[in-house]
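Asks: Pasting the sequence and the predicted model now:
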Amino acid sequence: MIAIHENKVKAVQAIFSKDIKNQREKAIEKLNVLNNKIIDISDKAYLESVILLFEENTDILIWDSDKINRSKDILGNVPMITKVYRNRISKQVKSPIKNAILTALGYKLLRSSFYPKYFKEVGIKSCVYCNSQLSITAVKSKNVYSAKFDVDHYHSKDDYPFLSINLFNLYPACSSCNRAKSNDVIEFELYTKDESKTVKSNYNFKLSPYAKSKYLTTRESKDIDFTFNEPNYNLVGAKKFNDVFHIKGIYETQDDLIEELIIKSQIYNKSYLKTLKSNFTKLNLHPELFKRTLVGNYTEDKDIHKRPMSKLVMDIAKDLNLI
């Protein structure tokens, strides 16, 4: 729900420059092995274009958002084939060369071997779309658990398999949002050169009028109502977050979080907050930590990616004048 400055990401990429270089070299090697097995003329032409792209662009895995947008259609579409189903209905589908390229590039392996440590350095732990769940899952293999990052390809790997391991095309997301988005077009920029977009989110939660007073009267958390507000989109065909990711529905199941904040807003009056701040200062800790401790989550938009539910908590806490 908020962008990260590209310079921060590039600094992390510099740390992993050797890994990224090896990923490209291994990709070229495996793509060439695949090329020796391909017979179909259309598949071979497309695959050789992908190989050439990787060979000529040493920075292809770290192309920034601008370069991706300029170059993503350079190869044209993945070749199509006619598939006949049991009911004798024929349909045009993408050639198996697409999946063969994805396998050669090693995207699935990188999800568990490289992306967890990479995105940890970037500072992303929660889903960049809904912020309600972690974007990392535990996978059990041979009785050993390991971390695996779920990532959405902003430009679909179905249409652009050669961008499947480009780091600026990867948006850490929970499995639910990843499935929900599929190939839908949304207008959201996770990586940006614009500093202002990394400070203030264009999305926010807000208590509905009289929601607080109604709850204090009934003491029923189901009476707590709020809105989820999105920016106006300019991209033609772009779908709203709420329509794609069902944000309102997700957070309506978390009304107890808002309930706790309302109760805190009643307990922590101005004089009490002043006393707490005074005592907290004596511990010589950062003021931001005081606010985080008070509401139980991060309280600045720039920290949204660090913990699930942080956006809802900080917005409602501000709405209640807790912070």
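Replies: Right, received. Where do you want to start? Bear in mind the structure is a predicted one, so any value in this text is a computation, not a measurement. Numbers count the residues shown, from 1 in each chain.
Asks: got the CA coordinates for the longest helix anywhere in the chain in CSV?
Replies: In the chain, ranked by residue count with DSSP state H as the criterion, the top helix is helix 17-35. C-alpha atoms of helix 17-35 as CSV (Å, rounded to 0.1, in the frame of the first residue of the first chain):
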residue,chain,number,x,y,z
SER,A,17,25.4,-8.6,-6.8
LYS,A,18,27.3,-11.9,-7.0
ASP,A,19,24.2,-13.9,-6.5
ILE,A,20,22.3,-11.9,-9.2
LYS,A,21,25.2,-12.3,-11.6
ASN,A,22,25.2,-16.1,-11.1
GLN,A,23,21.4,-16.2,-11.6
ARG,A,24,21.8,-14.6,-15.0
GLU,A,25,24.7,-16.8,-16.0
LYS,A,26,22.9,-20.0,-14.9
ALA,A,27,19.8,-18.8,-16.8
ILE,A,28,21.7,-18.4,-20.0
GLU,A,29,23.3,-21.8,-19.6
LYS,A,30,19.9,-23.6,-19.0
LEU,A,31,18.2,-21.6,-21.8
ASN,A,32,20.9,-22.8,-24.2
VAL,A,33,20.4,-26.4,-23.1
LEU,A,34,16.7,-26.0,-23.7
ASN,A,35,17.3,-24.5,-27.1
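Asks: Run through the helices of the stretch 201-323 of the chain in chain order.
Replies: With DSSP state H, counting those that start in this stretch, the ranges of helices along the stretch 201-323 of the chain come out as 211-218, 241-245, 247-252, 255-267, 270-281, 287-295, 310-319.
Asks: And the stretch 1-150 of the chain, by the same measure?
Replies: Under DSSP H, counting those that start in this stretch, the stretch 1-150 of the chain gives helices at 6-15, 17-35, 41-56, 65-71, 97-105, 107-113, 115-122.
Asks: Return the most buried member of those.
Replies: Burial of the helices of the stretch 1-150 of the chain is given as mean neighbour count (mean count of other C-beta atoms under 10 Å); helix 97-105 ranks first at a mean of 20. Bear in mind the C-beta positions are built from the backbone N, C-alpha and C, glycine included.
Asks: That one vs helix 17-35, what angle?
Replies: With axes from the mean of the first three to the mean of the last three C-alpha atoms, to 10 degrees defining the directions, helix 97-105 sits at 140 degrees from helix 17-35.
Asks: mind checking how far Gly237 is from Val9?
Replies: To Val9, Gly237 is 27 Å away according to C-beta to C-beta, to the nearest Å.
Asks: domains of this structure?
Replies: 4-192, 200-319 (automatic domain parsing).
Asks: So what would you say the end-to-end distance of the first one is?
Replies: Yep, that's domain 4-192 we're talking about. Domain 4-192 has an end-to-end distance of 6 Å (C-alpha to C-alpha, to the nearest Å).
Asks: State the mean pLDDT of it.
Replies: Mean pLDDT, computed over domain 4-192, is 90.
Asks: Pull the distance from that domain to the chain's centre.
Replies: Domain 4-192 sits 14 Å away from the centroid of its parent chain (C-alpha atoms, centre = their mean, to the nearest Å).
Asks: again with stretch 295-310
Replies: Distance of stretch 295-310 from its chain centroid, counting by C-alpha atoms, centre = their mean, is 15 Å.
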